[in-house]
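> predicted model and sequence below, questions to follow.
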Amino acid sequence: MTDSKKTWGRPCIWYPACPMKTAYERGILDEWWVREYCHGHWRACIRYRMEERGEPHPDWMLPDGSLDETLRARRKESVR
């Protein structure tokens, strides 16, 4: 991943409003994603890049840009 010295230890500016934070807090997203991207290499996060460009992206898109249909389904279940 890139820019590790510049971002490591500083959380992503979008983290407080990010669906990844909510999914992690609900126990439906592994801590690895938050540690590696949200509090780590957030400039490598596809969600971060899309947010910065104002591009819409689904709540179940992981920081690496992959779509996690399991997360999508579990997100819906946890909202009920």
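Alright, I've got the coordinates. Numbers count the residues shown, from 1 in each chain.

> now do the helices in this structure.
For the chain, the helices defined by DSSP state H cover 4-7, 19-25, 31-33, 46-53, 69-79.

> tell me the contacts of the most centrally placed residue in the chain?
Geometric centre of the chain, nearest residue: Met20, 4.1 Å, by C-alpha atoms, centre = their mean. Counting by C-beta atoms under 8 Å, 6 or more residues apart in numbering, Met20 makes contact with Leu29, Trp33, Val34, Tyr37, Cys38, Arg47, Leu62, Pro63. No exception for glycine: its C-beta is placed from N, CA and C like everyone else's.

> please apply the same query to Asp64.
Tyr37, Cys45, Ile46.

> how about Arg49?
Arg43.

> what's the distance between it and Arg43?
8 Å (C-beta to C-beta, to the nearest Å).

> could you do Ala73 as well?
30 Å.

> likewise Leu62?
Leu62 is 16 Å from Arg43, by C-beta to C-beta.

> thank you kindly, that will do.
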